[in-house]
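Sequence and predicted structure, then a few things I'm wondering about:
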Amino acid sequence: MIPLITGQAVAFWIFAVLAVAGALGMITCRKPVHSALCLAGMMVSLACIYAALDAPFLFVSQIIVYTGAVMMLFLFTMMIVGVDTTDSMIETIKGHRVASFLIAAGFGVMLVIGVVQGAVGGAAAGLEQANGAGNVQGIARIVFGPFLYPFLATSALIMIATMAAIVLSHGERLTPKQGQIERARARNEAFMATGADPGPMPAPGTYARKNSIDQPALLPDGSVAASSISPTLNVRGVAVVSNDGLRSAHRAAITRFVEDRDAIIGTNTAQAVAEELDDLAQAADDQLTTTGEGEQ
Amino acid sequence: MYPMEMEIVDPVAATGIFQFAWALIAWPLLVTAILLLAGKASNSWGHLLGVAGAVGDFVLAVVLWIQMIGTEVPNRAVKVPVTEWMTIGTMSVRADLLVDQLSILFALLVTGVGSLIFCYSIGYMAHDPNRRRFFAYLNLFIAAMLTLVLADNYALLFIGWEGVGLASYLLISFWQHRNSAALAGKKAFLVNRVGDLGLLCAMFTMFALFGSVNFNQVNHAISGAPATWITAIGIFLLVAACGKSAQVPLQSWLLDAMEGPTPVSALIHAATMVTAGVYLVVRSHAIYELTNAASLAVMVVGVVTLLAGAWVGSTKDDIKKVLAGSTMSQIGYMMLAAGIGPAGGAFAIFHLFTHGFFKANMFLGAGSVMHAMDDDTDMRHFGALRKVMPWTFGTFAMGYLAIIGIPPLAGFYSKDHIVVAAWERGPVFGVLAMIGAAITAFYMTRLMMMTFLGDKRWAEGIHPHESPAIMVGPLVVLAIGSAVLGVVLNNAIQVWLAPPTGHHPHELAWYHVPWQGWATLLLVILGVAVGYLVYRRPIAFDAPGKVNPLVYIGRNDLLADKFNHLVFVRGGGALASGIALVDDVIVDGAVRSLAGGTKGLGGVLRRTQTGYSRSYGLTMVLGAVIIAAVLILGRLG
Amino acid sequence: MDPNAYLILSAILFTIGVVGFLTRRNALIAFMSAELMLNASNLAMVTFSHVTGNLYGQVGAFFVMVVAAAEVVVGLAIIMIIFKTRRSASVDDQSQLKY
Amino acid sequence: MENIPMLTILGLLPLVGALVAFGVKGRAGRNVAFGFSLLTFAVGFAVFHMSLHSDLAQTVDWIPQIGAHYALSVDGMARAMVLLTVILTPLVLAFEWNNDTPHLAAHKTPRWDVNVFGALALLVEGFALFVFMSADVLLFYLFFEGSLIPLFLMIVGWGGEKRRGAALKFLLFSLAGGLVMLVALIGVYAATSAAGNPTFLVSEIAAIEIDPRLARWLFAGFFFAFAVKAPMVPVHTWLPDTAEQATPGTSTMLVGVLDKIGTFGMIKFCLGLFGEASQWASQLVIIVAVVSIFYGAFMAITSKNLLRLVAYTSVSHFGFMVLGIFAFTITSIAGSIFYMLAHGFSSAAMFFVVGFLVNRRGSAEISDFGGVQRLAPVLAGTFLVSGLATLGLPGTANFAGEFSIMVGAFRVIPVMVFVSVIATVLAGLYVLWAYQRVFTGEPTEEVREKITDDLGGRERAIIGVLIFLLLFFGFIPRFGASVSEKTATATMSQLGIDDPVNGSIGGK
């Protein structure tokens, strides 16, 4: 063979380095996402090597099937499992890592010796003749010729694998379905047991100037119905559930209304109304306190 | 030895009534089947059908006998083809019958005495709830016994042989709720089976040598066989005869067999089955004539047993056991005669026939006494029964006179001939046979004195009475037989039996008595006198505890049971437990330790299963590396 | 171009896959290592195809791809279900199947 | 009629019946199973007759790559075994008619319903039939091993407290034997393919010259499996344990039918395929057989448990069969085959009568009995008849078998026969001693309390059939003899041994 630097050789050296780098990156990255990206890179490199080896069909399949489909599946799974988790690289099984490296090195050595001993090298026959009628056609002739039944079997395999995935990922219902009857019964049972309100949750409060789920409803005594808003909003501090906060808005509205009325009709009731509101608030607070004490 | 001219009679094909000889066996078998299968429904008429089984056979036997008398002598032996039993390879056995002078005599004895005993049993077993079953077993016995004597080959004979053993077992342990009866039955069966080994081995040898066990074919072929094997066959047959006929050393079962109902003792253990051994030896005379060693062995066994039986009979207090000892002894005489050869064969059968009558007579008499004494058998509790049971006494006395050999009663003729023949064979045998006769006279006199004569020694509340007519009738018939058969048969028997048992130059006359006969008679009278003098004295109600060694040994069945217990029961038991131990500890122990070892190893290897799939992967890769290394290094090397 | 170079590349990639499978605890990465090994063997097959001059090697690689796809589907489903029940994707946490 | 695959139908019928019986729950399923077993009996009987006149053999390629065939045929021995199988199975089902009834104290709670028992018994029957009819070693092996599974389940499902351990022991022993046989089977394949014609067909293997050294190894492999199956000392210990724990019905299927595969295989495969090796090993085998005879007899004598006793008697009897087989005479081999048939009936009868006792008393310990004859005379009578058949009384089938074995063997090995004939006395001892301890004497209070009824109609019918068969083959053995003689003659010609002639004892 004439020692000429061919396109094939160039492609090999470039993509071989990329592939090994991708592989090493895949096993060293702490974040699975990075690993997946490295693997994808390695696969693309391999695809290019395939192309250089006169295997255009596999070049395409490699990219579509592996890089496209398989790696996508990996990424999807990763999203569910947790994209941003970071693996600890500390080995927990005693002596495992050293043994792994030694044995894997031995394995690699054996493989290389095997390759060298097998000495496939020398003149490669090349695929010009086999690809004469087109690579895809050649493969098709084999797949749909002598390998027809295995091929059909793989199609069955894929079908079954799909069904298996559905069956596996479809969570089995562990408890019986909760229907309307069950829910009503549960509410009544809770009422019987703890005195919890069997009725529906109260709707959030609404004001003319504001229509919002972060405004709790007020009970007739002016106190807040805590169950009328989402606990999430409460936790985030968005909703206002304290009595004082609500009452101040309420009071402000009433005060403005009374002042406007006084101004228009020339009366002076603002002071009286303010005192009355204080009394009411006081009474409501007292009642809340006693109720609270009673509950304790 | 007499000059021997072996003449073997070839049986002729059956014609006329002989073709139906198989009915002799089939009829009682049918009766048995009916009685056993019909169940309780046949309780009311079962015993009558049972008696019909024997009587019907007797009638048929008599018809056959008359037919035979009317036939010319060379054609008297008749072969009755029935069916092929089995043919496998070189072994072929036909179930054919041979009706000749010998077998017809046996058939007459078995069915005739049998009929009488059956009738007697109606009375004897009247109160037993299982009387129907009893008669079924008796019929089974008749069928088996007739198979035994009518068979024309050893294999069919063996079937009958075992059949009578089974019937004997069933009847001895008929009252099996009594442990002693169950044990006695089992013992009888097992000891008989030891004897059967002999017959089996004899048959194996015959098959190997001649390819047949047919009497006729064996007789024809025997002279061409190697002498060693002829002697071996003779010894094998002797072992079989010893087992069935309770000869030393297989005698121990007969005394225990008295646990059975008395009619059984009379029929099976006195008149018929126990004499099958004699029949076997006489039937095989062609073999014994060719082997001095085996026939000598037969004679020795006979003499030893006749003395041993007499010894036992002189010491026992149990009336049935005295009679059983006597039976042993008398069969010893027959064996002795059978061993002598053609000179004695006919006499053996003669004595067998007369013995069948007088011994059955005495057993039934003993049964009658037991019936009267509330099933007590201890003679020390009897005495003076002569007055209350005149018929029983009279018939018993007839048997007594017959057995001790008072002329002109049956025993005199039959025993006398044996003594004479034994003397001519060898004076030692003659002298011993005479001494046996004297002892017989002694113990029979003892029995008579203790039972019928002397003082009353009855236990309280016992009121003896004469037995009913159905029981007395057979006694009378048997007594007449005991009295006259000797005279009647004396001249005829040798001629009649000559074809099947071999010719003998003697000519007999009932009035001719040689000097040995007179000497024997003298010894007998001496024995009677001693017996009378000794037992005229008062007899204790309870047996004395301390007795002299001779009596002790006799009372304990010649220590045979102790010997058997020590050697076979203990020894065999030890062997069996040893094997059981080996089975448990070594054979199963090996299995168990293998299981335990596997479990232990599993427990250790289990630890490698850490559950970490990465460790498993590591092991897998290691395995791959090793395999690859082996392959690569293999290629390098 | 010497085909041995491709084969040695394949051997190296395969060995890296083995190391990854043995050392990484994250089930997803272990699984990706297995994919890496499959790819390495595919490369060997394509090379063989090139050496022998027929397309059977490529067809073999094609079948491996198909089967790998099926395997990935099922494998990932299993990983997911394990994660759902045990809240962990570490292979060392799934060590209940031991003595 | 020629084109109907009767043998396949015969084999499949019980298997189909098993499937149906699995499906139909409860006692209805049991009835279905019983019906199928009767149907199989009818077909089996028809096959028995048809095979007299026509060749029912059937050969279809199964795995042509390795020369395995689906080949069925029936020769004399197979006919006898088919008859035995189709007769015993309905009887077993009838015996276990009510095994879902919890009052049987000896049977701890059954694991499955009664229809499952019927189905499993039918499975055993079907597999056993195929085993007996196989003319292909691989097919034989398949069903040989297959029959272990339903029987294992039968032991696990019904029986005493320690039945699981017993089932495991049974399975491990049988598997050990079977796997050794598998190795030999592969060896056979290697030998036949070396000879240029890879095949598993018995007839073709027999025609191939196998290297004598290899043949001896192969013989040993087959013989070991069969020695475990027809329990010979020292690989017998599973049988007493199993018989003690399993129900008598299961034990009957096991001892009556399945164990016959051991002696069946010795004749068909050991002698039929490796004649030279069989002769080479015969002396050792005969000694082991005689040891088995006495070992079994002595162990039966010492047994304190009736079921163990019956099992040990079988060990002794199998010793006789093996003795007859390896004496190499037509008479003894045919006698062994006849004895296989007879022993099937007699051991079934023994297991059944002991089963009747156990069902009443709730225990199989001999010491728990005594005086039963008074309370159940018919039971006592049937026990006695069965026992007498077991001890080989003339007039029962066993005698004809034992007798021809010894007559035939005596020509070749007289000393061994002299020795083993003593075992017939021991047989008398163990049977009659057991009878004496169980049935005679006065019954104790406890026995009176437990044993209140004699045999019922169903029980009488079952034991009546067996007793009839025992007497039938005892008095008219020529039917069975002619069947078994054909196989014996064929085997002898295959062995190339001339039957010894008259006048020769011990080969002289």
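Yes, it's here.

what's the burial count for the one residue in the stretch 401-508 of chain D that gets nearest to chain A?
Chain A sits closest to D:Gln494 of the stretch 401-508 of chain D, with a gap of 44.1 Å, by Cβ to the nearest Cβ. Using the backbone N, CA and C atoms, a C-beta is placed for each residue, glycine as well. Neighbours of D:Gln494 under the rule other Cβ atoms under 10 Å in any protein chain shown: 14.

Could you do the one 10 residues further on as well?
Using other Cβ under 10 Å, D:Ser504 has 12 neighbouring residues.

Wasn't it part of a helix?
No - D:Ser504 sits outside any helix when classified using DSSP: H, G, I helix; E, B strand; the rest coil, being coil.

For the nearest residue to B:Asp128 once chain neighbours are set aside, what is the enclosing helix or strand?
Nearest residue to B:Asp128, sequence neighbours excluded (Cβ to Cβ, 6 or more residues apart in numbering or on different chains): B:Phe134, at 6.6 Å. B:Phe134 is part of helix B:131-150, with elements assigned from DSSP states H and E.

The residue of the stretch 401-508 of chain D closest to chain A contacts D:Ser203, doesn't it?
No - D:Gln494 lies out of contact with D:Ser203 (Cβ atoms under 8 Å); the separation is 10.1 Å.

most residues in a single strand of chain B, which one?
Under DSSP state E, the strand in chain B containing the largest number of residues is strand B:78-88.

Can you list the buried residues in stretch C:35-52?
Of the residues in stretch C:35-52, those with enough neighbours to count as buried (16 or more other Cβ atoms under 10 Å in any protein chain shown) are C:35-52.

now that stretch: mean pLDDT?
Average pLDDT, stretch C:35-52: 92.

do that stretch and chain A meet?
Yes - with Cβ under 8 Å from any Cβ of the partner chain as the measure, stretch C:35-52 is seen reaching chain A through C:Glu35, C:Leu36, C:Asn39, C:Asn42, C:Leu43, C:Val46, C:Thr47, C:Phe48, C:Ser49, C:His50, C:Val51, C:Thr52.

How about the contacts made by the nearest residue to B:Leu36 once chain neighbours are set aside?
Beyond its immediate neighbours in the sequence, the residue positioned closest to B:Leu36 (Cβ to Cβ, 6+ apart) is B:Ala136, lying 5.0 Å away. Counting by Cβ atoms under 8 Å, 6 or more residues apart in numbering or on different chains, B:Ala136 makes contact with B:Val31, B:Thr32, B:Leu35, B:Leu36, B:Gly46, B:Gly50.

Over to the first one. Which of the three states is it?
Yep, that's B:Val31 we're talking about. For B:Val31, the secondary structure call by three-state DSSP comes out as helix.

Am I right that it is in contact with B:Val55?
No - B:Val31 is not in contact with B:Val55 according to Cβ under 8 Å; the separation is 10.8 Å.

neighbour count winner among those two?
Under the neighbour definition other Cβ under 10 Å, B:Val31 and B:Val55 were set side by side, and B:Val31 has more, 26 against 17.

how close does that one sit to chain C?
Separation of B:Val31 from chain C (Cβ to the nearest Cβ, to the nearest Å): 74 Å.

In space, what's closest to that residue - neighbours in sequence excluded?
Once its chain neighbours are removed from consideration, B:Val31 has its nearest residue in B:Gly53; the separation is 3.7 Å (Cβ to Cβ, 6+ apart).

Output the contacting helices and strands for the host helix or strand of the one you found.
Element membership of B:Gly53, judged by DSSP H and E, is helix B:46-69. In terms of contact count using 3 or more Cβ pairs under 8 Å, 6 or more residues apart in numbering or on different chains; DSSP states H and E, helix B:46-69 is assigned the packing partners helix B:23-38, helix B:101-124, helix B:131-150.

in the second one, what's buried?
Neighbour counts over helix B:101-124 (16+ other Cβ under 10 Å) mark B:101-124 as buried.

can you tell me which residues contact C:Leu9?
Residues touching C:Leu9, when contacts are defined by Cβ under 8 Å, 6+ apart, comprise A:Phe12, A:Ala16, A:Ala19, A:Val20, A:Ile49, C:Leu43.

Let me have the residues you listed in a markdown table, extended by secondary structure and distance to chain D.
A markdown table is the format used below for these (DSSP: H, G, I helix; E, B strand; the rest coil; distance: Cβ to the nearest Cβ, whole Å):
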| residue | secondary structure | distance to chain D |
| --- | --- | --- |
| A:Phe12 | helix | 43 |
| A:Ala16 | helix | 44 |
| A:Ala19 | helix | 42 |
| A:Val20 | helix | 44 |
| A:Ile49 | helix | 40 |
| C:Leu43 | helix | 34 |
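
quick one: which of those is nearest chain B?
The shortest approach to chain B among these belongs to C:Leu43, at 18.8 Å (Cβ to the nearest Cβ).

Not counting its neighbours along the chain, what's nearest the closest one?
C:Ser10 (4.4 Å).

which residues does that neighbour contact?
If you count contacts by Cβ under 8 Å, 6+ apart, C:Ser10 has them with C:Ala40, C:Ser41, C:Leu43, C:Ala44, C:Thr47.

secondary structure element for the last one?
Which is C:Thr47. With secondary structure defined by DSSP H and E, C:Thr47 is part of helix C:27-52.

is the helix ranked longest in chain C up against chain A anywhere?
Secondary structure of chain C read by DSSP state H shows that its longest helix is helix C:56-86. Yes - applying Cβ under 8 Å from any Cβ, one finds that helix C:56-86 is in contact with chain A at C:56, C:58-59, C:61-63, C:65-74, C:76-81, C:83-84.

Good, wrapping up.
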